[in-house]
Every structure is written in C-alpha cells, then in structure tokens.
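# Take a look and give me a structure for this.
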Amino acid sequence: MPVDRAAIEQRERETLAPYASLSSESRGRVHPQDEHPLRTAFQRDRDRIIHSAAFRRMEYKTQVFIPHEQDHFRTRLTHSIEVAQIGRTLARNLCLNEDLTEAVALVHDLGHTPFGHSGEEVLNRLLSHVGGFNHNRQSLRVVDLLEQRYPQYPGLNLSFEVREGIAKHESSVRVSLPEFNADEQPTLEAALVDIADEIAYNSHDIDDGLSAGVISLDDLGESDFFAELVAGVSSSQAGFSEDHTRYALVRRLVDRMTTDVLRETQVRIQRLGISDLRAVRNSPENVCSYSPPMQKLVASLKVFLKNRLYDHPRLVAMSRSAADIVSALFKGLMADPGLMPPRFQGMLADQQTEIVIADYIAGMTDRYAEKVYTFMNGENPPPLP
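Presented below is the predicted three-dimensional model:
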C-alpha cells in the first residue's frame, strides 16, 4: 500500500513522543504553499536544502584543514552529513522527529564562509559598523533570500521550525529576530542538532588532527578524558594498524558522548515534567544536554583541541593566509563592486554595499575565493561566476 503524506503524518502522531514536533502541526512558511501529496513539510525542507547550490558548495569549504591538502579531511559538507547522522540517531532513540532533525542538521552551516572560522572572523570585523557577520544569521539569509530556486518568491521558503533551528543554533552571537521568540526554547529536534554538531566536530577534528600528524595518540593520553579511551583502544586493537586504532578511538568517543546525551536528556525530560511541545518551549533550562560529569570532560576536550590543534603553528599559518585573502577580497570589491556577478550588482540598488559583498564572499568556496583573489592581483583570467 502506498505511503503518502497523510499516512506519514498519522504515523508520526502514533509513534512519536508527545513532546516531539509533528510535521502536520508546523507553524508554516513565510510564503504559504499547498502541501505536497507525498512528503511532509520537514521532508520537503530537507530536500530543498539538499538540492540548493549553497549545500553543494559546502563540499569545497574548509572545516579545519584545507580540503585540497588531503582528500580525506572533513569539509563543511561532510561535517553536516555527520551531524545529521548523529542527530538522527539521537532523535530516533528519543522518539523525536527525525526528518526535522535531519533538515536542521543539513542547513545549520549553509552560511559559513570559505576557510572556516577564519573567514567568518574577518567578515565580522569588517562589518562591525553594520552589525557584524554571523554564520547562523547568514544561513538564514541564504535560505530566505540568496537561494533563487522559485520565480514566486526568494529563498527556499522553509518551514518556521527549520528556520528557528538556524536562528537558535548555539553560538557566541545568537540571532535575534522578532519572529523567533527569544524567551522560547527551540524544539528538542533543533536542540539535539546543537549537541550533535559538537559531538561531530569534537570527534572528527581529533580524527583529522591525528591523520594530519598534528597531534598523536600520546598527546591524547595527556588528557584525563582520552587516557581511558586511548588505553582501552590500545588494548583491544593490539596488532592493528594505526588507522584502525584511530578509527576505533573516534568510534568510542562518538559513542560515549552520544550515549551520555541520550541518558541525560531522558533524565531531564522526567525531572522537568516535559509532557508536550509547549513544555519544551517553556522549559527553564535546556532539556537536551550532557550529564554534569560529561560537561566537564567535553570542556577539557575543547581546551585540548584549542591548545594542541587549533593553535598549532600549521593551522595558525593557514588561518592567517585565509584572513589575508578574505580581507583583500573585501577591500577589492569595495573599491570596485562591478567585479561581482550581475545578480549581486543588482542587489546594490536596495541593500548596503558591505552586506552584498559579504553575501558574495561568504558564498564562495575556498578554491573560488583563491581564484578571485589571484584574478584581482592580475595573475589569472576571471573565474566563472
């Protein structure tokens, strides 16, 4: 028997937890649309994200290491896929909406600049007089304006819940917009993506750092968190290759953090009396979380990653080079906005020049940014728009 949208929505009502987000009860879209006969609202959002140009461009955007240095390093795209995988596992075990979780996971980094956080920091500094730059806010700008998939309206016209998941994604700078009540907690599905994001980058940055030779297993042994994991892996993987040992370590790291989040979230659901979605939104504290002991371990892991990986001379040099490129691009385009493709030039009629230039630069892949940079320095023919 065929399964259509109505059947999927009915299955959600029957099988998901009472505090899960039901696609049939979405707060809707900015531009009203008829529902699709086969796909729910959140499935439709996921598909629109996957088919967007911004999603494809993440394949060539730096996560930590420049992608073209090694074929196996994570990119923004593979990171987002890993976040979606971890997020779906968490959602499935908590009887939450997997489709909403996946959509928020796949969209959460769409607004990231080329060259990772280095590019974002430069644009934030250069745009300080007009509100700065934040990749969460930029992700919203991408799905609400910059993607041009439909003649009837700009953007992807995603559901409120996915857009709210972008706006309330954990960051040092939260996006504040009137349509997203700052006093309300996001859905549990969006909250899970925040943690899945952290689990993914903590584990895969360790993996990439080991693969690049920037850190070693001995370095990890200096951390209390890793000492036990490394010892357990070393004993169980005796005689195995270094790669197999590394893979086993990363698996254990992901499993340890994911299992802890599941247990602690279940504890909090009971303790806070979370009985429905309204209780989620009115909760006085985060419902999805690590346990207190794991919070301390994760905090120590972040300190380790900063001191031994992110601040490593090799990565610092890469960051400085990236910052120089983004700064030069911004300066050159401010001097001659006509170097941008016609579409962006057209936006200058009703938007600030700095914002439009930031849109153009933020949408670049690493390699396209390098091509534009060399062209502006007279070294290469103009790149394709």
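# okay, now Leu106: neighbour count?
25 (other C-beta atoms under 10 Å). Where you see a C-beta, it was placed from the backbone N, CA and C, and this is true even at glycine.
# Name the SS class of it, please.
Following DSSP: H, G, I helix; E, B strand; the rest coil, we place Leu106 in the helix state.
# which SSE is the spatially closest residue to it that is not a sequence neighbour in?
Once flanking residues are discounted, Leu106 sits nearest to Ile49: 5.0 Å by C-beta to C-beta, 6 or more residues apart in numbering. Using DSSP states H and E, Ile49 falls within helix 41-50.
# That helix - contacts with which helices or strands?
For helix 41-50, the elements it packs on are helix 98-107, helix 160-167, judged by 3 or more C-beta pairs under 8 Å, 6 or more residues apart in numbering; DSSP states H and E.
# Run through who's touching the longest one.
Right, the one you point to is helix 98-107. Contacts to helix 98-107, defined as C-beta atoms under 8 Å, 6 or more residues apart in numbering, come from residues 21, 23, 40, 42-43, 45-46, 49-50, 55, 80-81, 83-84, 87-88, 90-92, 139, 143, 158, 161-162, 165-166, 169, 187, 189-190, 192-193, 196-197.
# export it as CSV, just CAs?
Output of helix 98-107 as CSV, limited to C-alpha atoms (Å, rounded to 0.1, in the frame of the first residue of the first chain):
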residue,chain,number,x,y,z
GLU,A,98,14.0,12.5,12.5
ASP,A,99,13.1,14.5,9.4
LEU,A,100,13.1,17.8,11.2
THR,A,101,16.4,16.9,13.0
GLU,A,102,18.0,16.0,9.7
ALA,A,103,16.8,19.2,8.0
VAL,A,104,18.2,21.4,10.7
ALA,A,105,21.5,19.5,10.7
LEU,A,106,21.9,19.8,7.0
VAL,A,107,21.1,23.5,6.9
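# any idea of the angle that helix forms with helix 160-167?
40 degrees (axes from the mean of the first three to the mean of the last three C-alpha atoms, to 10 degrees).
# now the angle from helix 98-107 to helix 41-50?
Using the same axes, to 10 degrees: helix 98-107 against helix 41-50 is 20 degrees.
# Likewise for the last one?
In this structure, helix 160-167 runs at an angle of 50 degrees to helix 41-50, with the same axes, to 10 degrees as the basis.
# what packs against helix 160-167?
For helix 160-167, the elements it packs on are helix 41-50, helix 98-107, helix 135-141, helix 188-212, judged by 3+ C-beta pairs under 8 Å, 6+ apart.
# and after the longest one, which helix or strand comes next?
It refers to helix 188-212. Sequence-wise, the next helix or strand downstream of helix 188-212 (DSSP H and E) is helix 217-220.
# who does that next one touch, helix- and strand-wise?
Judged by 3+ C-beta pairs under 8 Å, 6+ apart, the packing partners of helix 217-220 are helix 224-236, helix 242-271.
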